[in-house]
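S.K.: generate coordinates for the sequence data below:
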Amino acid sequence: MDFAKSDIQTMLLDSAERLLADSAGVEYWREQRHNALGFDEARWAQFAELGWLALPLPEAAGGLDGSVEDVALLNIALGKALATEPYVSSVVLATQILKHAADESAAAELMGEIATGALRIALAHQEPGADPLATGAVAATARRTADGFSLSGAKLMVADAASAARLIVSARIEGEDGVALFLVRAEAEGVQADHYPLIDGTRAADIRLTDVRLPASALLVGGNSGEAVLDEAIHRASVALMAQAVGAMEACIRICGDYAKERKQFGVAIGSFQAIQHISADMFVATHQARSMLYHAIATGDKPAAERAAALSAARIVIGEAGQLVSRNGIQVHGGYGLTDEYAVSHYFRRLMSLEKQYGDLIRHTERFGDSIFA
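M.R.: Numbers count the residues shown, from 1 in each chain. The predicted model follows:
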């Protein structure tokens, strides 16, 4: 893996730094928490203008055909700014599924709308009691009808559903093997959504589908390949979220360093105290280990499924634990009251906690990594 940034990657990061720096701060984050969508649609439009929404899309769909590394670098910048836009759900996860849709022309049109910022899509896959790492653990069913399908089931923790006009829903077609993926209008009759904010200010929903009538064209991916497509899409989404966690940790270290230089006790900056220096050193080492594991997960992206899954879980473990260490120590550097809402470090603490829970938490990834070792 080449760690040197290309000219395009350098330009991408420069544009991200300029835009995100203008709207990263406690007041902005508080404002977005009271937004029904959890983010600023005007800034989402700026993401589109800068080409960020087109980054991982194929050129045939009006995209830039960017690599996983390109997407990860951008998401590190998003993580530093605590961006709550639905970038991963719509731009990374949904488009990766649409790339494998049976109707290529219709999928290209949808991806084109995503690239312009006109359309957002959320994945409704996780179900009550199901293993978050088992993409085949699906109980929702689709029954074939004369003109299409009738879809029923329940989905939990659908990230960014509040702002999505379409849902990609996983279900088993009655009488057929495998997991199929369907495109469903969020406002379709029979779709009931219970929206709620998460601890970091992002939005999710629990969704119940009751005899939702769909045309035959709603079937994106058939049961013969749906599970494999889901595995790949969730893997890429996990890499992007880990990149955001790394960015959040790096920002947390910078904030704590600035605070330790400014805050004085006994007439001297607290950064001169050995205890604070030890805490800062632990935060620094953990963050660099996290970035290294992110690179490892990216580098193994084209390996066999079992090896790739083990590398992803190893990265999720290291990055999840590092996120807890860095954010908790950051609060201690601030004397404990860093946990209050007026301090930026508290917002990073909540964001890192939320990221650790998505697509399998520390405990579940530790179990899967252990299974891979003893297999």
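
S.K.: what's the weakest-modelled helix or strand in this structure?
M.R.: Averaged element by element with mean pLDDT, DSSP states H and E, the chain has its least confident helix or strand at helix 7-21 (a mean of 86).

S.K.: now do that helix: distance to the chain's middle.
M.R.: Counting by Cα atoms, centre = their mean, to the nearest Å, helix 7-21 is centred 20 Å from the centre of its parent chain.

S.K.: what's that helix packed up against?
M.R.: Under the contact criterion of 3 or more Cβ pairs under 8 Å, 6 or more residues apart in numbering; DSSP states H and E, the helices and strands touching helix 7-21 comprise helix 68-80. For every residue, glycine as well, the C-beta is placed using N, CA and C.

S.K.: hmm, who's touching the helix it packs on?
M.R.: Helix 68-80 is touched from outside by 1, 5, 8-9, 12-13, 16-17, 20, 24, 52, 55-56, 85, 87-88, 92, 236, 239-241, 243-248, 250-251, 294, 298, 301, 351, with contacts defined as Cβ atoms under 8 Å, 6 or more residues apart in numbering.

S.K.: mind listing what's buried in it?
M.R.: The neighbour-count check on helix 68-80 (16 or more other Cβ atoms under 10 Å) flags 68-80 as buried.

S.K.: burial count for Trp44?
M.R.: Residue neighbour count, defined by other Cβ atoms under 10 Å, stands at 20 for Trp44.

S.K.: mind telling me what element it is part of?
M.R.: When elements are defined using DSSP states H and E, Trp44 is found to belong to helix 41-49.

S.K.: one more: Tyr259?
M.R.: Using DSSP H and E, the element containing Tyr259 is helix 226-262.

S.K.: distance from that helix to the middle of the chain?
M.R.: In terms of Cα atoms, centre = their mean, the gap separating the centre of helix 226-262 from the centre of its chain is 8 Å.

S.K.: tell me the angle it makes with helix 7-21.
M.R.: Helix 226-262 runs at 60 degrees relative to helix 7-21, counting by axes from the mean of the first three to the mean of the last three Cα atoms, to 10 degrees.

S.K.: just checking, what packs against helix 226-262?
M.R.: In terms of contacts (3+ Cβ pairs under 8 Å, 6+ apart), helix 226-262 is packed against helix 68-80, helix 95-98, strand 180-185, strand 268-269, helix 274-299, helix 305-333, helix 344-357.

S.K.: what residues of it count as buried?
M.R.: Burial within helix 226-262, assessed by neighbour count using 16+ other Cβ under 10 Å, is assigned to 226-227, 229-253, 255-256, 259-260.

S.K.: repeat that for stretch 213-227.
M.R.: Counting neighbours by 16+ other Cβ under 10 Å, one finds that the buried residues in stretch 213-227 are Leu214, Ala218, Leu219, Leu220, Val221, Gly223, Gly226, Glu227.

S.K.: pLDDT weak spots in the stretch 151-300 of the chain?
M.R.: Counting by pLDDT under 70, the stretch 151-300 of the chain contains no low-confidence range.

S.K.: er, the stretch 1-150 of the chain I mean
M.R.: Per-residue confidence for the stretch 1-150 of the chain (pLDDT under 70) gives these ranges: 1-3.

S.K.: how about a cut-off of 90?
M.R.: Low-confidence segments of the stretch 1-150 of the chain, defined by pLDDT under 90: 1-15, 17-18, 21-28, 30, 33-35, 60-62.

S.K.: tell me the pLDDT of the nearest residue to Gly330 once chain neighbours are set aside.
M.R.: Ranked by Cβ to Cβ, 6 or more residues apart in numbering and with sequence neighbours excluded, the top spatial neighbour of Gly330 is Val345, at 4.4 Å. The pLDDT attached to Val345 in the predicted structure is 95.

S.K.: residues in contact with Val345?
M.R.: For Val345, the contacting residues are Cys252, Ile255, Cys256, Ser327, Gly330, Ile331, Val333, His334, Gly338, by Cβ under 8 Å, 6+ apart.

S.K.: was I right to think the third one contacts Gly335?
M.R.: No - using Cβ atoms under 8 Å, Cys256 makes no contact with Gly335, being 11.4 Å away.

S.K.: and for stretch 217-224, what's in contact with it?
M.R.: Stretch 217-224 is contacted from outside by 97-98, 100-103, 106-107, 148-149, 168, 172-173, 176-184, 229, using Cβ under 8 Å, 6+ apart.

S.K.: repeat the analysis, applying 7 Å as the threshold.
M.R.: Contacts of stretch 217-224 from elsewhere in the structure, counted by Cβ atoms under 7 Å, 6 or more residues apart in numbering, are 97, 100-103, 106, 148-149, 168, 172-173, 176-184, 229.

S.K.: which ones are touching the residue nearest to Glu342 when sequence neighbours are not counted?
M.R.: For Glu342, the nearest residue in space outside its immediate sequence neighbours is Val26; the separation is 6.4 Å by Cβ to Cβ, 6+ apart. Contact criterion Cβ under 7 Å, 6+ apart gives Glu342, Ala344, His347 as the residues in contact with Val26.

S.K.: I'm done for today, thanks for sticking with me.
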